[in-house]
Every structure is written in structure tokens, then in C-alpha cells.
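In: Need coordinates for the below:
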Amino acid sequence: MAHIRRLAAIMFTDIEGYTAIMQRSESEAIKTRERHRQVFNSLTEEYQGTIVQYYGDGTLSIFNSAISAVECACKLQEQFLKDPKIPVRIGIHIGDIIVTEDDIIGDSVNLASRIESAGIAGSVLISDKVLEEIKNQEELKVKYLGEFQFKNDRQKRDIFAIDLPGLVIPEQNQLEATLINGPRTKVKHLTPAPKSDKKDVFISYAQLDNESITHEEAGWISVFDQALRKRVAQILGYQPGIWREPQESLDEQALNEFIKLKVLISILSPRYLESKNCLKQLKEFCTVAEHKGGVKVNNKWRIFKVIKTPVPAEMHPPEIEGILGYEFFEVTPDGHFREFSLDKKSPNYYQYLERFEDVAQDLSQVIRLLTMDIPVGEKPAEIPGETKEGNSVYLAKTTSDLNPLRDNIRRDLEMRGYRVLPDKELPLDQRFSEAVKEQLARSQLSVLLLGGKYGLVPEDEEHSVPMLQYRLAREAGLPCLIWQPEDMKIDDTRQKAFLDQVLMDPPNHELTEFMSDDFEDFKTHLIDTLRSLTPPQEYAGVEEKRPPRVYLIYNQADSEAAKIVDDHLYNLGFEVLKPLFEGTETELREMHQDNLRICDAALIYYDYGSEFWLNAKINDLRKALGFGRTSPITMKAVYVSGEKNPSKEGFRSRELVVIKQFENFSENSLSPFTDKLKQSS
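Out: The predicted structure is shown next:
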């Protein structure tokens, strides 16, 4: 007989403790097994199943329908729970099988066996694949037991128990005891369903979006949920209550739990928009949230819009229409889309990680914000250090080829405390320009990344989204930092004309600049520009009493030679600030600028440093007011030391005190600098 491959619902049954019954009484054991088989034969035939084999105290059967298999299992347990009771475990899975002459084989068969082994007497356990098949059967209720890793199974499995009157639902301690000590143990319990009353976050999703394409992979929602629990716990230092249900339809008891929620995550997809139950969950949360602080707190949304599959913006539910979404897909040049996957073999694996990290960190921030108890009707107080309108940056929407770089800048700015606009979706219709103007009016700087693509053109407009934002920023008089990749290929004549126009337009502001150098250098320049635009905060209170601060600037090669100057200044009562040489380029630059911002005087030690290095440091002193200083640096000097050369001997300045000491160090040589600094202090 040729081997036949087919899809089937696979059911294993097993008499729990049969060996103990046999040891106690052979006749009782034989009667138990005979009754078990009699009931099993009758009901399997009634529900059009096929008995594959008996083995000792268990059975293996298959069904053409998962619904028939579950209904048969429930009827079996109904009979087995009648006196004299038979303690039977039942497990069901659905998948590909290979039918041989007298047996069936395959991974799905092994998995069904292990699901049965995880149960207890009186229970019917099913896999998530079976749940997908029976989800529309309202009379078949289920309870989520948790996620399991079975032996020789490469993926984790969500396991459920049929929850009908008379059937036994395994408790967590029963599951753990069975899994650890049971004679048929073949599973390791990973993540139980939370038993606490904490309900911090609810994941609202359409069940269709959690169906896997192949039997080897886990559902997209299951992977996202499990990863989110772990990452948010790492960020917060404790496990918040993240909750989802296996069914789209929630009963009133579950909906009543929404009053406890801090955040709702909507996994947006075409199916989500078609699901009345999903939309009901969204509306219910909005209603509850309005009575407890609102759906927005400290300008942060309590609804997270995770877009798994592209959906036109105009089709988004009105409750989340204006919320910025986390897109877990990319659109390819041919117009197709590719969903991101948490699979290292996927070409979008790292894009998934970046977007996922955004969700996890933003979610953790909102949970922290709402950890305090908020009385109904009251809004949380502003948290110190949160971003204010004065620190807002308009980071223009760009084309798909530069979206990863835009996300990179957005994350960097938000970590530094800047508010990044637009903070809501921009409508791609006749309202676009007005929406951009409203966002620009709240900003102090606009940033535009220009790629090789022209971009989308909103309805009733003639130009692309990037071009419209550029023009509107100019009209608003905002300084604009523009960046494009070097040696960029441009095939679209419209984009080429736009870039030519940008290059020819006169700057609308002294800080407006077009750059095409290294991206990290552009980011550093962006931060420097923002600091120059941010007014220094005035200190209201008693004037701080402290020693004068001297920033001693030297090249790393002069570290040892400059130490004697450092010691002398310190012995005179000055606080000496020194440069750092370990860290990223951005970190070193930030520390350098911080020292220039807070110092009272600056002394450049010039020996091994090059002329270029010296001129760069003098230019930094000239730009110090742009780093947020409230007043000019009191004293600025250059200490020229080391071996003589024409450059050192010829150096002079009208802006700085120049001290030349080519011989051994002399304390008196610094007097022109230190005496004046003491007098000014």
C-alpha cells in the first residue's frame, strides 16, 4: 500500500493510573479497559472518526473534522465521568499525517500524544490549531492554560482546555505536578497564564492573524505576545499583567476587566477591521479610559496601534485614526508588502527587532506613568522631565527607503527628551497641508531626509509629501536641516527637479543647512543645532557658592604633560574640568560641549596637538554660547609648550591670552591667566 499524506484531527486517549488499577485488582482493570473501549468504539463511530489502534490502556483515532473530534472527546468524558468513573486524559491536535497500511505517523501525531500526556483525568486539552477550527462554535468554550515547549518540538505551543460543565480544568499546580513528576512526562511548562488580578495591558487581535502559514511556525500574535512579556519585564524590572484571550468574542466578565487596564494594544489588519468583536473591545477601552484619566496622558497614547498588515489610513477605526502606528511591514518597489518576522532566517528580522523595541520601550514608559492609582475622572499629574512644547522637532515624513534612518533619529531625539512631531497620522487628502502647518507651529526646528524616491502625493495636491513639508517649513520660517545620502541614485525626474530646487533656494534661516555627509555626523550636527535653539533655563534660588571652573583642554598625546598644569590650577583653588578620551564620538563631543557650557574659563594646552586641532578648539570656544551658556566665558587662553617650531612661535591671538612656555613648567608663567580669573571671580 502506498503511503498517503492527509490532514486530520488526531485524538489520543489514555486511562490515568491504569497500572495502579491493575496492581490493585486485575479484574477491575480488565472491566475498566473493556468499558473504555466499548464507549470509545460507539462514540468514535457516531462522530465519524476512524480508530487507528489500541495500545494497552490508550487509543489513537483520527477525524476529518476538528469540531467532530472535540465534540466526540467531550461526549467521551461525559460517559467516563459517570459511575463507575474511568480516569481518562484526552489530547487533540490537527495537522498533516502519513497513513501507512496499519498506522499513522508524523510530527502532528507525536504532538497530539504529548498534549494528551500534559492533561489530567477528566480533561480535554487541545492545541491552538484546533482552537482556530472550533472558534466559531459558541457552545465550545475554552480556557487558556499557557505556553508549553514539548520534547523534540522546535516551537512553543499555546495549549487550551475545553471548558464545559462536568469537564475538569487542570489547575496550575496540577499541571506542574504532572509535568515534573508524572510517569508520562514529556513537556516542560514555560509561561503559565497569569493567575494574578493584574490586568495592565490587553492585546486585541483577530484570531485569523495568529494562524501560522506552515505547521512548523508559531502564530504571529503568539510570538509577539511572548516576546513582549519578556522584554517589558526586563525594562521595568517586574512582570506586568499582559493579557490576551484565545477568542475574539469576550464575555461581559472579561469586558468588565477593562477598568483595570493601563494600555490596549490593537494589532491592526484587514481582518481586525472586519471583526465586530475586535472593534467592540477598542470602543469599550476608550469608554472606560475616558472615565479614568483619558486615552492620552502626558501626550502619550494609552492605545498602541501595531500594524501587522497594511490597511489604508482612511479605513482605520475612528478611535485610533490619528494615532501614529508601529508598522511591522515594508512596501517593496513593486508595490508588494513584506511583514516583519521574529525569525533569524527572515530578511526582515532586524527590522522586526527595531520596531518591536520601540513598542516595548514606549509601552514600559506608559506603564510607569500610570503605575500610580488614578481616581476615576482625574488625570495623572505631569511627570518632571517630560518633554514640553519648547523642545519639539518636526521630523518630516519621508519615503520608504529612508524610513529606518528616520526611526533612528526619532529614537535618539526621544531618548534625549525632545518631542518629535508629527505626533499623529497626517491625512493624505486635502487636509494634509493644514495638518502639517499645525504641527510646524509647535516646532522649533524641521528636519527632512531626502532619498531617491519622490514619494506619495496627497489627494488634490500636485507635489509629494516630502516636497510639501519642505515648502511649508520654509513658509513657516523654521530653520530646516536637510540631509540626503551621498552618491544617491535618482531615477525619478520629479525627485531630481525637487532636489535641484532645494539646492538653489536661498536659506530661509541662518541655521538652515543642506548636508550629504556621514549620517552620524548629521545627527551630531542636529543635536548641536537643537542645543543652540534651546534657551538656557534660569535658576531661581540662592546663587551657588563654588570655586571657579577651568576647562583644561588638551590633546590625548599631551595627557601626561598637562598633568602639571592641572595640579597647579587645582592647588590654586580652581575646579579643573578635563576632556575624556574613551567613549563614542557622540559621547565625547557631548561631554566637551557640556564642559564649555558650565566652565568659567578655558585654557588650551598646546604641545603635540596639530594646528588643525588647535584651530578647532578655538572655534569651539567661539561657539560656546550656542551650547546653552548664559554668559560668555570669562577667560580664554592658550598655553603653548613643548619643543619650539615655527607654528608655535608664530601663534598669536587678539581674542585669547597667549602664554608661551617652551622651557620647564613655571608656575609664574600662568599668572596672566590665573590672576585675572581670580579678580573676575
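
In: Please, where are all the helices along the stretch 301-450 of the chain?
Out: Taking DSSP state H, counting those that start in this stretch as the test, the helices found in the stretch 301-450 of the chain are 349-369, 403-415, 432-440.

In: For the residue nearest to Arg37 when sequence neighbours are not counted, list each beta-bridge partner.
Out: Distances taken as C-beta to C-beta, 6 or more residues apart in numbering place Tyr54 nearest to Arg37, at 6.7 Å, with adjacent residues excluded. In short, each C-beta sits where N, CA and C put it, glycine included. In this entry, Tyr54 is beta-bridged to Thr59, by DSSP bridges.

In: Around Tyr54, count how many other residues there are.
Out: Per other C-beta atoms under 10 Å, the neighbour tally for Tyr54 reads 16.

In: picking that back up, any idea which of the helices of the stretch 301-450 of the chain gets closest to Phe651?
Out: helix 403-415 (38.1 Å; C-beta to C-beta).

In: What helices and strands are in contact with that closest one?
Out: Helix 403-415 sits against helix 349-369, strand 392-395, strand 419-421, strand 445-449, helix 519-533, with contacts defined as 3 or more C-beta pairs under 8 Å, 6 or more residues apart in numbering; DSSP states H and E.

In: now those in TSV, with mean pLDDT and mean neighbour count?
Out: Compiled in TSV, the helices and strands packed on helix 403-415 are given as follows (pLDDT from 0 to 100; neighbours: other C-beta atoms under 10 Å):
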stretch	mean pLDDT	mean neighbour count
helix 349-369	88	17
strand 392-395	92	23
strand 419-421	88	20
strand 445-449	93	25
helix 519-533	83	17
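
In: Kindly reformat these as CSV and extend each row with distance to Glu590.
Out: Converted to CSV, those look like this (distance: least, C-beta to C-beta, whole Å):
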stretch, distance to Glu590
helix 349-369, 21
strand 392-395, 17
strand 419-421, 19
strand 445-449, 18
helix 519-533, 8
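
In: and Pro240, which of the ones you listed is closest to it?
Out: So among those, helix 349-369 is nearest, using C-beta to C-beta, at 5.6 Å.

In: chain center to that closest one: distance?
Out: Counting by C-alpha atoms, centre = their mean, to the nearest Å, helix 349-369 is centred 2 Å from the centre of its parent chain.

In: can you list contacts of it?
Out: 200-201, 224, 227-228, 231-232, 235-236, 240, 262-263, 265, 297-298, 300-302, 304, 306, 326-328, 330, 340-343, 346, 380, 383, 404, 407, 411 (C-beta atoms under 8 Å, 6 or more residues apart in numbering).

In: relative to helix 403-415, how tilted is it?
Out: Counting by axes from the mean of the first three to the mean of the last three C-alpha atoms, to 10 degrees, helix 349-369 lies at 20 degrees to helix 403-415.

In: What ranges does the stretch 251-400 of the chain have for its strands?
Out: 263-268, 296-297, 300-301, 303-307, 325-327, 329-331, 337-339, 392-395 (DSSP state E, counting those that start in this stretch).

In: Tell me the strands beside the fifth one, with direction?
Out: Based on DSSP bridges, the strands next to strand 325-327 in the sheet, each with its direction, are strand 303-307 (parallel).

In: With the last one instead?
Out: Taking DSSP bridges as the criterion, strand 392-395 sits next to strand 419-421 (parallel), strand 445-449 (parallel) in its sheet.

In: Taking the chain centroid, which residue in this structure is the extreme one?
Out: Relative to the centre of the chain, the most outlying C-alpha is that of Ser27, 61.5 Å out, by C-alpha atoms, centre = their mean.

In: So for that one, what's the pLDDT?
Out: If you check Ser27, the pLDDT there is 83.

In: Helix, strand, or coil at it?
Out: Secondary structure state of Ser27, per DSSP: H, G, I helix; E, B strand; the rest coil, is helix.

In: Provide a list of residues in contact with Leu533.
Out: Neighbours of Leu533 in contact, by C-beta under 8 Å, 6+ apart: 444-445, 479, 511.

In: Most neighbours among those, which one is it?
Out: Leu445 (24 neighbours).

In: looking at it, it is touching Leu395, isn't it?
Out: No - checked against C-beta atoms under 8 Å, the pair Leu445 and Leu395 is beyond contact range at 9.3 Å.

In: How about Lys660: which residues does it bridge to?
Out: Here Lys660, judged by DSSP bridges, has bridge partners Val640.

In: Spatially nearest residue to Ser400 (excluding sequence neighbours)?
Out: Val331 (5.6 Å).

In: Spit out the contact partners of the one you found.
Out: Counting by C-beta under 8 Å, 6+ apart, Val331 touches 310, 337, 400.

In: measure the first one to Gly335 for me?
Out: Plainly put, Pro310 is 11 Å away from Gly335 if you go by C-beta to C-beta, to the nearest Å.

In: In terms of neighbours, single out the busier of those two.
Out: With neighbours defined as other C-beta under 10 Å, Pro310 and Gly335 compare such that Pro310 has more, 15 against 6.

In: Give me the local confidence score for that one.
Out: Reading off the model, Pro310 has pLDDT 90.

In: What are the phi and psi values at it?
Out: phi -60, psi 130 (degrees, to the nearest 10).

In: That one and Phe337 touch, don't they?
Out: Yes - using C-beta under 8 Å, Pro310 is in contact with Phe337, at 5.2 Å.

In: List the contacts of the closest residue to Glu414 other than its chain neighbours.
Out: Using C-beta to C-beta, 6+ apart and skipping the chain neighbours, the partner closest in space to Glu414 is Val420 (5.9 Å). For Val420, the contact set (C-beta under 8 Å, 6+ apart) comprises 392-393, 395, 410, 413-414.

In: Go again with 7 Å.
Out: Residues in contact with Val420 (C-beta atoms under 7 Å, 6 or more residues apart in numbering) are 393, 395, 410, 413-414.

In: Lowest-scoring secondary structure element of the chain by mean pLDDT?
Out: strand 187-192 (a mean of 35; mean pLDDT, DSSP states H and E).

In: Return the following helix or strand past that strand as PDB; C-alpha atoms alone will do.
Out: Scanning forward in sequence from strand 187-192 by DSSP states H and E, the next helix or strand is strand 201-204. In PDB, the C-alpha atoms belonging to strand 201-204 read as follows (Å, rounded to 0.1, in the frame of the first residue of the first chain):
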ATOM      1  CA  VAL A 201      -2.200  45.500  29.100                       C
ATOM      2  CA  PHE A 202      -4.700  43.800  26.800                       C
ATOM      3  CA  ILE A 203      -3.700  42.700  23.300                       C
ATOM      4  CA  SER A 204      -6.700  43.000  21.000                       C
END
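
In: So what are the sheet partners of strand 201-204 and their directions?
Out: For strand 201-204, pairing defined by DSSP bridges yields strand 242-243 (parallel), strand 263-268 (parallel).

In: Please tell me I have it right and Ile409 contacts Leu395.
Out: Yes - counting by C-beta atoms under 7 Å, Ile409 touches Leu395, with 6.2 Å between them.

In: overlap in contacts of these two?
Out: Taking C-beta under 7 Å, 6+ apart as the contact criterion, the residues that touch both Ile409 and Leu395 are Val447.
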